[in-house]
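Chemist: Fold the following.
(one chain, ligands or ions: 2)
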Amino acid sequence: MEKIDSTYTNNSYCRICQGKCCKSCGCFYYPEDINLTFDNLISLLGEGHVSISTMLNFKYSSFNERDLEFMLLLRERNIERGAIDLFSLPTSCASLTKDGCIYKDTERPSGGLHLIPSFKPMLCHYDEEHFAHLAGWLNYQDLLSSVIFKMTHLSYEEKLREDVENYFYNFLTQNYEGVDPRNLTEHQIMILPILERKYPTLYNKAQEKVTKEKTLTLKRIPK
Ligand code: SF4
Ligand code: SF4
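Modeler: Ligands and ions are numbered 1, 2, ... in the order given. Model (predicted):
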């Protein structure tokens with residue numbers, strides 16, 4: 001892995017904060033971090049620290065409504081999430097331990113290395129190059145899709161739809177275990193309404209599943 005100098009490391013800020021960014025989600029890899037071949041990706045995902053996930057890009061649809069696009073990329077794995085975690089409520093990074101990150105400062109995923117710490121964690125921000133590096137993942141969408149198919153027997157679109165339905169189900173059942181409260185609010189306000197509009201059939205399917213489960217539970221209660 002070729003890495004930038006750890007120019008932004010500020011262990012005094014991060015130690016006081018105890019990793020708020022890590023508790024909200026694992027950090028993104030840049031394409032330059034990894035030997036991007038099919039076989040290497042299968043082996044890397046098998047090691048248990050990395051997931052194929054997506055980054056969301058907000059845009060406006062032709063009806064001038066807010067819309068979302070998904071871009072496949074690699075990210076450090078979150079707690080209770082799998083190797084293929086295209087879309088879910090983010091939990092804490094699984095590589096955060098009580099002693100901090102499992103990686104040395106300079107060996108972290110590049111997305112983490114390009115985050116500039118601040119004495120106020122809310123003000124930590126990415127450097128100017130960050131999003132240009134992430135855009136490099138656009139060249140690897142087909143490769144990542146083929147790995148998804150190999151590991152799940154689902155196309156990228158099918159797996160994404162499965163994950164979005166599961167995301168709706170977790171909201172409908174208020175299953176927010178391990179989700180940072182700030183992330184939850186952001187999803188409730190900014191992301192959930194757009195996805196409900198974008199995937200009405202999946203939302204209905206999740207609702208039907210909840211209704212069916214409630215009916216089954218009621219039937220099991222002795223009279
Ligand atoms: S980068 Fe910011 S949010 Fe992350 S651990 Fe350091 S101070 Fe906290
Ligand atoms: S890989 Fe390390 S720096 Fe990145 S989110 Fe996980 S614990 Fe934090």
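
Chemist: Tell me how many other residues surround the closest residue to N40 other than its chain neighbours.
Modeler: Across the structure, with Cβ to Cβ, 6 or more residues apart in numbering as the measure, the residue nearest N40 apart from its sequence neighbours is I34 (7.2 Å). All C-beta atoms are positioned from the backbone trio N, CA, C, and that covers glycine. Using other Cβ atoms under 10 Å as the criterion, I34 is surrounded by 17 other residues.

Chemist: Need the distance between the two termini of stretch 188-206.
Modeler: As for stretch 188-206, its first-to-last residue distance stands at 16 Å under the measure Cα to Cα, to the nearest Å.

Chemist: Pull the distance from that stretch to the chain's centre.
Modeler: The offset between the C-alpha centroid of stretch 188-206 and the centroid of the whole chain comes to 17 Å, using Cα atoms, centre = their mean, to the nearest Å.

Chemist: next one: stretch 163-175
Modeler: Taking Cα atoms, centre = their mean, one finds the center of stretch 163-175 at 15 Å from the center of the full chain.

Chemist: got it, and stretch 212-223?
Modeler: Counting by Cα atoms, centre = their mean, stretch 212-223 comes out at 35 Å from the chain centroid.

Chemist: Same check on stretch 63-82?
Modeler: Relative to the centre of its chain, stretch 63-82 is centred 5 Å away, using Cα atoms, centre = their mean.

Chemist: next one: stretch 19-30
Modeler: Distance, stretch centre to chain centre, for stretch 19-30: 9 Å (Cα atoms, centre = their mean).

Chemist: what's the answer for stretch 201-216, then?
Modeler: For stretch 201-216, the gap between its own C-alpha mean and the chain's C-alpha mean amounts to 25 Å (Cα atoms, centre = their mean).

Chemist: Give the rounded mean pLDDT of that stretch.
Modeler: Within the predicted structure, the mean pLDDT of stretch 201-216 is 94.

Chemist: contact partners of it?
Modeler: Counting by Cβ atoms under 8 Å, 6 or more residues apart in numbering, stretch 201-216 makes contact with R161, V164, E165, N166, F168, Y169, L172, T173, L195, E196, all of which sit outside it.

Chemist: State the mean pLDDT of the helix or strand containing the third one.
Modeler: Counting by DSSP states H and E, the element that carries E165 is helix 156-172. For helix 156-172, mean pLDDT is 98.

Chemist: how about it: buried residues?
Modeler: 156, 159-171 (16 or more other Cβ atoms under 10 Å).

Chemist: can you put those residues in TSV and add distance to ligand 1?
Modeler: Rendered in TSV, the data for those read as follows (distance: Cβ to the nearest ligand atom, whole Å):
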residue	distance to ligand 1
Y156	30
K159	30
L160	28
R161	33
E162	31
D163	26
V164	28
E165	32
N166	28
Y167	25
F168	29
Y169	30
N170	25
F171	26
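
Chemist: how about the residues you listed in CSV, adding distance to A135?
Modeler: Below are those laid out as CSV (distance: Cβ to Cβ, whole Å):
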residue, distance to A135
Y156, 18
K159, 22
L160, 20
R161, 25
E162, 26
D163, 23
V164, 23
E165, 28
N166, 28
Y167, 25
F168, 29
Y169, 32
N170, 29
F171, 30
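
Chemist: what's the angle from the longest helix seen in the chain to helix 156-172?
Modeler: Longest helix in the chain by number of residues (criterion: DSSP state H): helix 200-220. Inter-element angle recorded for helix 200-220 and helix 156-172: 50 degrees (by axes from the mean of the first three to the mean of the last three Cα atoms, to 10 degrees).

Chemist: distance of T152 from ligand 2?
Modeler: Distance of T152 to ligand 2, computed by Cβ to the nearest ligand atom, to the nearest Å: 24 Å.

Chemist: I appreciate the help and will end here.
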